[in-house]
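**Q** Pasted the sequence and its predicted model underneath.
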Amino acid sequence: MQRIGVFVCHCGSNIAATVDVKKVVEIISQEPSVVHCEDYQYMCSEAGQAKILDAVKEKNLSGIVVCSCSPRMHEGTFRKAAERAGLNPYMVEIANIREHCSWIHKDMEEATEKAVILARAAIAKVNLNAPLFPGESRVTKRALVIGGGIAGIQTALDIADAGYEVDIVEKTPSIGGRMSQLDKTFPTLDCSACILTPKMVEAAAHEKINIYTYSEVDKVTGFVGDFTVDIRKKARSVDMDKCTGCGVCQEKCPSKKTPSEFNRGLNNRSAIYTPFAQAIPNVPVIDRDACIKFKTGKCGLCEKVCQAGAINYDQVDEIVTEKYGAIVVATGFDTIKLDNYDEYAYNQSKDVITSLELERVMNAAGPTKGHLERLSDGKHPEHIVFVQCVGSRCNDNRGKSYCSKICCMYTAKHAMLIRDKYPDVKVTVFYIDVRTPGKNFDEFYRRAVEEYGVNYIKGQVGKVAPQPDGSLLVQASDLLDNKQIKMKADMVVLATAIEPEASVRGIATMLTASIDTNNFLTESHAKLRPVESPTAGIFLSGVCQGPKDIPETVAQAGAAAVKAIGLLAKDKLLTNPCTAKSDELLCNGCSVCANVCPYGAISYEVVQVNDHGIREDRRVARVNNALCQGCGACTVACPSGAMDLQGFSNRQIIAEVDAICR
Amino acid sequence: MKYTYYPGCTLRTKAKDLDAYAKASAKALGFELEEVTQWQCCGGVYPLGSDEIATKLSSVRVLNEAKEKGQDLVTLCSACHHVIKRVNDDMKNVPDIQSRANNYMKLPEPYKGETNVLHFLEVLRDRVGFDNLKKMVTNPLTGKKIGAYYGCLLLRPGEILAFDNPENPTIIEDFIKAIGATPVVYPYRNECCGGYISLKEKDMAKSMCDTIVESAKGFGAEMLITACPLCMYNLNKNTVGDVPVYYFTELLAEALGVKEDAE
């Protein structure tokens, strides 16, 4: 029989307002094997933990139950406290009487009864707990960053500066990401390229950073500290070592009808291309779907004009296998498709564009060389209407329920830049709310209104109707004036909602990193662990975790780097001892467990067993503790009951169920 | 192929053409519209009141008759289509309306929204197929620039009517192409004509209809086609009237060369 101490936490009023903690103590004190029971306002505080230490010493406790919040929150805290008291940390069990009880119930009597039952279940389990000892696993001192935008670049630079090797995998031909498409950045209006390209160069030149562009992550195996990743280097058709980046091939390429991804399809690029002039690496790729040579076998012009002999039509995809200790996801975002928003006539009129397209229009290297003009006829616009929240904060299933966060600020930026450069152009912005929290952000927005005379109207646009004369008629409601308004515009700019890059789903699946209904990667704790995935060793950087502007992205990128560095700085990691274990006397070698194991942790070997005096050779399952993540799938699947999960054994679970049903 | 057919009252009075040309065209296209044996007015407006079922029963009777015959139900008038389609959705998805309507009707077998309701245009698109229609056209209306006027009843609410993209529909344009004419796309083709507001606030209906017709004219439409008798009325009565408005079935019958056959 264990000597168990039970500690009931009030969690301020979080628990105590709904659960009668004194009564729980009173009832639980009567339980057999409970030799100590008390309540305290905040068990997780230093004073609360001291109570555990004291009780262990005074009452010679062998097991501990803490009735408090979710084990996800403080199991670690109390395990450490137990360890300081001289107990094995795995002799601690948490009865979750907050999330599973006080927060979801209103009736105090019922909640108290449930709290008692949950405590009894935990006591029943502790009674069967045995000390467990973590093993050790090695840490590969190298990090992988998936995505080469500003988030990935910053994370890679920070990790590399700390002295660790970093690989960046970027799926497009160049690093730079969305930020490279922007013209100016809020709230200081400095040129995006001027602050980004030096970082791109720094990353490329850094001796600890290795960049795989035009590459994708193909396969991920392993676990924290010891991931093995297959990187697919897509066939570039250009030899990276030979190419000098002279650009002649792009000039001569006769296939120039492919919409430029970098310019958001506003103009065309050649089949052999670098996305933009400052691309890193400055080595083009051949888009095989557009290339005449690949489609018809004829042409080959680029090969003829290449002085360096770098063109190689026979290149094939190459798989590089590399080991990493930590993986940072920095896959970024895209704007949503506007097919569900035909009322804005985006697909009907060339003069209705997204804000990201406007960035390209305003950019000196863009399709209009930086001149603000209508894309339909090249005319200078007299009136531009901006529509905010296109697809954001949407309460039907057409768009996104969340606020895209960056649009209020970039719309103010666009409006201000246009008014500054072209004072003759009238600018109207339709908004639901203007949301500008952030350092110097609201001042920025107010400058747009007060100094630059941008006309902000609270209300939503219901229709953009192209007129026979080529102008656009904007129908909207003015909510403050309670009026329906119609105004003529020459261009309409849609502040389109952002969503995670489409490829993130596949990447999250490979990493077994959780993802929310909007495809944003989930952080381990919304407030306290915002850059860590719940999957150990996976860190989150930038918009893949949620909408963010550049300052926030860079801050989070640094934070993700620090977490990765913290991991890489360790030589060994303690492994979770709650792994599966097979009883070779019961195992019949049927392979069911290996088939359900998602981590490939189970293998088979032939061993000589002594079954009640009968010696024979049997094929039995063997669990690799380094690979096993303790998910328990095998214990459920095993038909002979040979598989058991240490710390969560079948006996322990049944004891808990018995205690609940008692 | 036989369909159960619900004409609705307007098609027996003001909009006889819409009905007659549709029947003649259907015959030419090889399907038959078998009129519901005993039908009543659909009510003209979908009743939003959720506390009574009387105004929905006419639709339920029609829907049930089609179900008993094992046929799809075809409509022509936009308003009837709108009402019947929405009542059908209620009978399928709103348990309260479903049970109360069935309690009242005492049908041999309760009606639970099983019938498939098709607008005549949907029959052309999804059953006949516009490509096939094109092949059957004997008298293509080549060179005619026609603006499709959808109105709102066929398109919205989009999830229930499921007729076409409510903000950028194409079905009537595709129909116009199939009969050999040239569709004129203009932005107000899916805006409301004012409907019954015309009885109370003539000026508002006029301004709404003017916007539609002026826009169509501006983009070069020589005529408009519609599926809705009320839209037809408003567009004719509330504008200068220099853009003629036809029922789509009239042009269909013309293109199929069966206009004279219509009774």
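**A** Happy to help now that I have it.
**Q** Spell out the secondary structure type for A:L567.
**A** helix (DSSP: H, G, I helix; E, B strand; the rest coil).
**Q** residues touching it, list them.
**A** Going by C-beta atoms under 8 Å, 6 or more residues apart in numbering or on different chains, A:L567 touches A:139, A:224-225, A:325-326, A:537, A:573. (Glycine included, C-beta is placed from N, CA and C.)
**Q** redo that, cut-off 6 Å
**A** A:A326 (C-beta atoms under 6 Å, 6 or more residues apart in numbering or on different chains).
**Q** Now do it against chain B, distance only.
**A** Distance of A:L567 to chain B, computed by C-beta to the nearest C-beta, to the nearest Å: 48 Å.
**Q** From A:R529, how far off is that residue?
**A** Computed as C-beta to C-beta, to the nearest Å, the A:L567 to A:R529 distance reads 13 Å.
**Q** swap in A:Y452?
**A** On the measure of C-beta to C-beta, A:Y452 and A:R529 end up 41 Å apart.
**Q** got it, and A:Q460?
**A** 37 Å.
**Q** again, but for A:V657
**A** Distance from A:V657 to A:R529, by C-beta to C-beta: 31 Å.
**Q** And A:G462, by the same measure?
**A** 43 Å.
**Q** confidence score at the residue nearest to the spatial centre of chain B?
**A** Centroid check for chain B by C-alpha atoms, centre = their mean gives B:S78 as the closest residue, at 3.3 Å. Looking at B:S78, its pLDDT is 96.
**Q** I figured it was touching B:L154, is that so?
**A** Yes: B:S78 is within contact range of B:L154, at 4.9 Å (criterion: C-beta atoms under 6 Å).
**Q** Excluding chain neighbours, give the residue nearest to residue 11 in space.
**A** Going with chain A. Leaving aside its sequence neighbours, A:C11 sits nearest to A:R98 (C-beta to C-beta, 6 or more residues apart in numbering or on different chains; 5.7 Å).
**Q** right idea, wrong chain: chain B
**A** B:D19 is the one closest to B:L11 (C-beta to C-beta, 6+ apart), at 4.0 Å.
**Q** do A:K23 as well
**A** A:T112 is the one closest to A:K23 (C-beta to C-beta, 6+ apart), at 5.5 Å.
**Q** Determine whether the claim that the one you found is in a helix is correct.
**A** Yes: per three-state DSSP, A:T112 lies within a helix segment.
**Q** Tell me the confidence at it?
**A** Looking at A:T112, its pLDDT reads 97.
**Q** give me the number of residues near it?
**A** For A:T112, the count of nearby residues is 22 (other C-beta atoms under 10 Å in any protein chain shown).
**Q** cool, A:T522 as well?
**A** Residues near A:T522, counting by other C-beta under 10 Å: 17.
**Q** count of residues packed around B:T138?
**A** Neighbours of B:T138 (other C-beta under 10 Å): 10.
**Q** got it, and A:L568?
**A** Other residues close to A:L568 by other C-beta under 10 Å number 23.
**Q** who touches it in this structure?
**A** A:141, A:164, A:325-326.
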